[in-house]
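Asks: Structure for this input, please:
(chains A and B)
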Amino acid sequence: MSHTFRLLLILLLSITFQYSIAQTKRTISGNVTDAKTGETLIGASIKISGGSTASGITNAYGFYSLIIPMGKYEVAVSFIGYKTTVKQVEVSKDLRLNVALEEDNQLNEVVISATKKNENVSSPQMGLQKLSLREINDVPVLLGERDVLKTLQLLPGIKSAGEGNSGFYVRGGATDQNLILLDEAPVYNASHLLGFFSTFNSDAIKDVSVYKGGMPAQYGGRLASVLDLKMNDGNRKEFTAEGGIGLISSRLKVEGPIVKDKGSFMVSARRTYMDLFFKLSPDSSINSNTLYFYDLNAKANYQLDDKNTLYISGYFGRDKLGLADTFGFNWGNATVTLRWNHLYSSKLFSNTSLIYSNYNYVIQNMMEDNNFKVNSSIKDFNLKQDFDYRLSNNHSLKFGLNVIHHTIAPGKLSADESSSVNPTTYENRKGLESAMYVSDEWNVNERFNLVYGFRLSNFSLLGPGNFKTYDEDGNTVSSKYYTSGAVIKTYFNLEPRLSASYQLNTSSAVKAAYNRNVQNIHLMSNSTSTSPTDLYIMNSNNVKPEIADQVATGYFRNFNDDKYEFSAEIYYKWMQNQIEYRSGTDLRGNSNVEADLLYGDGRAYGIELFLKKRFGKFNGWIGYTYSRTERQFDAINEGKWFYAKQDRTHDVSLVGIYKASTRWTFSSVFVYNTGNAVTYPSGKYEINGKTAFYYKEKNAYRTPAYHRLDVAATLEGKPGKKLQSSWSFGIYNVYNRQNAFAIDFKDNENDPSRTEVVRTTLFGIIPSVTWNFKF
Amino acid sequence: MKKMKLDKGWGLGLMIICLFSACEKVIALKLDDAPAVVVIDGGVSDQNEVQRVKISKTYSFTEPNKFNGLSGAKVVLGVDGTGAIVFNEVSPGVYQSVKFKGKSGSKYDLSVTVEGQTYSASSTMPAHVPMDSLTFKSFTFFGETKNYVAVNFRDPAGIANQYRYILKFKGVVEKDVVSEDRFDDGSKVNNVIFYELNDLIKGDSVQVELQCIDRNVYRYFYSLGQNTGGNGPPVSPANPPSNFSNGALGVFSAHTSSIRTALIK
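Replies: Residues are numbered from 1 along each chain as shown, chains lettered A, B, ... in the order given. Here you go, the predicted structure:
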């Protein structure tokens, strides 16, 4: 560690020294906020012009810092959906310039301005997709329940894990290879109701970014992608409360200043209560059932002074499912993030975060003679220290540290005396994951920009406990007891990250990226879909860190005064130490699960095309992805490469939003994708008088192609009233396509001499109506 | 965006209906026919009876279900590395021994030679655990009461046991499931077999056989059950791990047997 520290220090000092010579330059820094609510704006663009030029964007806390020679300048600040603000400044000393932007409700008009609407072209970052909450709110979704994760799945390179499922695959990655961060806290299970809804209540979300490749060095820990979600800070100007009661779900959001312009809070909650319908039944076997979930997001911030701001934010969500007095099942996440923003100088911004994250589930069987209760959890304590350092006009550094302590409690099985089940406690597993990173955004010249850096990650599996080592066939070779805090195994990995762009002209650029990502914590799921009881394991003496290397290149172009945005990206990814299971693996309460694991390689490649109309009465996008994802395991499929379950050849999505008048908005979504790679029988035989199926090759078949058209219309109430309300009408799966959720092979019930193929469809045509209001 | 929602209840109601009654349809699907593979389904029990080994070949998915017997095999059983009991073919693909009784603790080696290839498997017969009784159990889910039969026995403490339950109605195997004592070692066990008895009438009876099986046989049937979603969420299906060499499908099981019949009153 100390060796790397020294390396980091030398690197920093050398760059610092190089630029500390020319000191006639001054710093302009400050925060960009929404004028009406005081919410900080993430990714707002600042452009300085005059005798010299400089530009930049605000960070995750709305802060920016630019370096420029002394003189008179024009500073233009802009953000999509806001009016551009231009200020004249005279720079003779370091200048603090906070800017509040006015919301621009005339989104239809293209505001011609000198600001950077071509951030997608000029930024060296590639593989990044951003969605505005406006877009998320306008796109039709299942049951009118707008959903961040499902809308993201309409972008190229991001694929749905299944019908109505909030799980997603990015560039050939599995669902557990996505790093999902909510205010920096990792969220382990991002779905409700077995995947039909995501845990992210969009009322509480302010910014959504997904990195499919070229991940900046500050992110690490997962192979395939980073989904970075930021919660609203709360209105700093005035109290607002919104609420409503629906038949299925209810929401309430309250926000307001703690001290005007100094601090604010936001609390947002939603709960579904389908189980209340059960209560209407006189039958006790129905009215005593439960089925609901809730989410609670809360955040508060307080600006101590010009240089210090504190934030606390939390998320608490839970699903509860109960079958009368026989069975109970509940699961959920809790995260708490405590942050301190500190300005060491106008150039050096620091954020310190303390993060707690917990995911757990409880299963309870209440049947008399085999009653039991299972408790399982994964708990993280996480310390992050991040610095943003504006070195010079064309160097912007990010560096920091991250230490996470994981505790995985695979299960505590408890039971009454009368039960046949024996109480058992499975050993907890502890691990320490730490990383340091440094990355520099370097504007080499007008055309050539670069973000480069590295992340050094380390993982140690810690005692106490009994640790077994298994051979290739899963037999125990040795077993050893380690005391508390003893290190069983340590892995070091260096993850280089690089993303570069070359500007061909003001509206087009070519970009390229390389990144290595390492994953130290793995989700064990041998089922075809994810389940709340899926088990997490860490690297160990048997399990090695998963490693992915990705190269990507792309062409980015804006047309028609940035009205249209086009991109084409090609990627190739190599993956090592991927995990599969032997057939017949039982994950339930299995402390020897590592004996059943198989390790192999993966490769994924594809091309992603994206064309978006960003402004105007009509806007929307077309996304197309061609991709391949394959795996190779010596013990599977005779060692031959096979398609991974997330392999899908073609993926098309079309999204259109049409603002017909000030009151009517129409929108539509069409998706098409090739079926998933699956294993179907290539013959059959009989075992003990029952039909069994013979499988030849793994994942050599395809489920039928999936396609669906959704439409929605929103009618806004007459403007100018105190209570603003709107109606949303939606139809999911307009032409009632019978998409396959599952394909089963079984004997015909009436004629057992015949075997048949049965397709299960989850959602046919489903209309929805929603009434929205705010005041 | 500050919006509140009032969703229509029937939307989710419909979803719940879909989830619980699932919209199913029989479809046509083109499946490839792989070259046929040998399947061996054999066992030795601790009852004094004719022991049977069935040998067949896989056949096309579209054909009617049948036992695709394979004739002309040489079937030899070794007991604890000594002796050789030869099985004779009594009908195409069905091979039988003379009457004999298997012994707990003995290791049985089955060797099948057919079409120039020899497939061998071995299985050790576990200790006998007798079935105490069959009892009826009913559960009420969403206003509907369903009746099942449960198998009662006492699991021996301190050793790992695996069980197989074969339920027959009118001579036809309706359920063939396995369990192990990982969670209830040494307990009085009452395991429900989820075969619905609601359609049965007074005077009908179901026969349940409780077998004690070895670890590999357990894993074979557990995996077979996973393919059909019998043990929780469906997994990506694969051929269950057979204890036969040379790529034969099927399993050879030396097992104990305890049979009881429950009469519907």
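Asks: Would you mind measuring from B:Asn191 to B:Tyr163?
Replies: As for B:Asn191, its distance to B:Tyr163 is 8 Å (criterion: C-beta to C-beta, to the nearest Å). Where you see a C-beta, it was placed from the backbone N, CA and C, and this is true even at glycine.
Asks: Between these two, which is the more surrounded one?
Replies: B:Tyr163 (25 against 18; other C-beta atoms under 10 Å in any protein chain shown).
Asks: Sketch out the low-pLDDT regions of the chain for me.
Replies: Looking at chain A here, since you left the chain open. A:1-23, A:105-117, A:143-144, A:164, A:194, A:244-248, A:277, A:285, A:526-530 (pLDDT under 70).
Asks: not quite, I wanted chain B
Replies: For chain B, residues meeting the criterion pLDDT under 70 lie at B:1-22, B:229-234.
Asks: Helices of that one, start to end?
Replies: B:9-21, B:215-227 (DSSP state H).
Asks: The last one near chain A anywhere?
Replies: By that I understand helix B:215-227. Yes. On the criterion C-beta under 8 Å from any C-beta of the partner chain, helix B:215-227 is in touch with chain A at B:219-220, B:222-224, B:226-227.
Asks: Which one of the residues you listed is nearest to A:Leu310?
Replies: Using C-beta to C-beta, B:Gln226 is the member of the residues of helix B:215-227 next to chain A that sits closest to A:Leu310, with 50.7 Å.
Asks: Distance-wise, check the residue nearest to that closest one when sequence neighbours are not counted relative to A:Pro532.
Replies: Leaving aside its chain neighbours, B:Gln226 sits nearest to B:Val235 (4.9 Å; criterion: C-beta to C-beta, 6 or more residues apart in numbering or on different chains). The gap separating B:Val235 from A:Pro532 is 17 Å, by C-beta to C-beta.
Asks: picking that back up, switch the residues of helix B:215-227 next to chain A over to CSV; also include neighbour count.
Replies: Shown next, in CSV, are these (neighbours: other C-beta atoms under 10 Å in any protein chain shown):
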residue, neighbour count
B:Arg219, 24
B:Tyr220, 25
B:Tyr222, 22
B:Ser223, 23
B:Leu224, 26
B:Gln226, 24
B:Asn227, 23
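Asks: is the residue nearest to the spatial centre of chain A in a bridge, and if so with what?
Replies: The centroid of chain A falls nearest to A:Leu227 when counting by C-alpha atoms, centre = their mean (2.7 Å). Using DSSP bridges, the beta-bridge partners of A:Leu227 come out as A:Ile180, A:Val210.
Asks: what sits against it?
Replies: By C-beta atoms under 8 Å, 6 or more residues apart in numbering or on different chains, the contact list for A:Leu227 reads A:149, A:152, A:178-181, A:208-210.
Asks: And those, which is closest to A:Asp319?
Replies: Nearest member of the contacts of A:Leu227 to A:Asp319, counting by C-beta to C-beta, is A:Leu149, at 15.6 Å.
Asks: part of a strand, is the closest one?
Replies: No. Using DSSP: H, G, I helix; E, B strand; the rest coil, the assignment for A:Leu149 is helix, not a strand.
Asks: How about the contacts made by it?
Replies: A:166-168, A:190-191, A:198, A:200, A:227.
Asks: Please check the residues you listed and keep the buried ones.
Replies: Listed as buried from the contacts of A:Leu149 are A:166-168, A:190-191, A:198, A:200, A:227; burial here means 16 or more other C-beta atoms under 10 Å in any protein chain shown.
Asks: wait, what's in contact with A:Lys307?
Replies: A:342-343.
Asks: for B:Asp109, same thing?
Replies: Taking C-beta under 8 Å, 6+ apart, we find B:Asp109 in contact with B:77-79, B:81, B:120-122.
Asks: State the distance from it to B:Asn243.
Replies: B:Asp109 is 11 Å from B:Asn243, by C-beta to C-beta.
Asks: which one is the one residue in the stretch 101-250 of chain B that gets nearest to chain A nearest to, not counting chain neighbours?
Replies: Nearest residue of the stretch 101-250 of chain B to chain A (C-beta to the nearest C-beta) works out as B:Ser223 at 3.1 Å. Excluding its sequence neighbours, the residue lying closest to B:Ser223 (C-beta to C-beta, 6+ apart) is A:Gly584, at 3.1 Å.
Asks: roughly how far apart are that neighbour and B:Thr113?
Replies: Taking C-beta to C-beta as the measure, A:Gly584 falls 27 Å from B:Thr113.
Asks: And A:Lys379, by the same measure?
Replies: Relative to B:Thr113, and taking C-beta to C-beta, A:Lys379 is found at 57 Å.
Asks: more crowded one of the two?
Replies: With neighbours defined as other C-beta under 10 Å, A:Lys379 and B:Thr113 compare such that A:Lys379 has more, 18 against 14.
Asks: how far is stretch A:479-492 from where the chain is centred?
Replies: Centroid separation between stretch A:479-492 and its chain, computed with C-alpha atoms, centre = their mean, to the nearest Å, is 32 Å.
Asks: Kindly apply the preceding question to stretch A:337-345 instead.
Replies: Mean C-alpha position of stretch A:337-345 versus that of the full chain (C-alpha atoms, centre = their mean) differs by 24 Å.
Asks: try stretch A:169-179
Replies: The answer for stretch A:169-179 is 10 Å, by C-alpha atoms, centre = their mean.
Asks: what's the answer for stretch A:587-607, then?
Replies: With C-alpha atoms, centre = their mean as the basis, the distance from the averaged C-alpha position of stretch A:587-607 to the chain average is 22 Å.
Asks: And for stretch A:217-225?
Replies: So, by C-alpha atoms, centre = their mean, the centroid of stretch A:217-225 is 11 Å from its chain's centroid.
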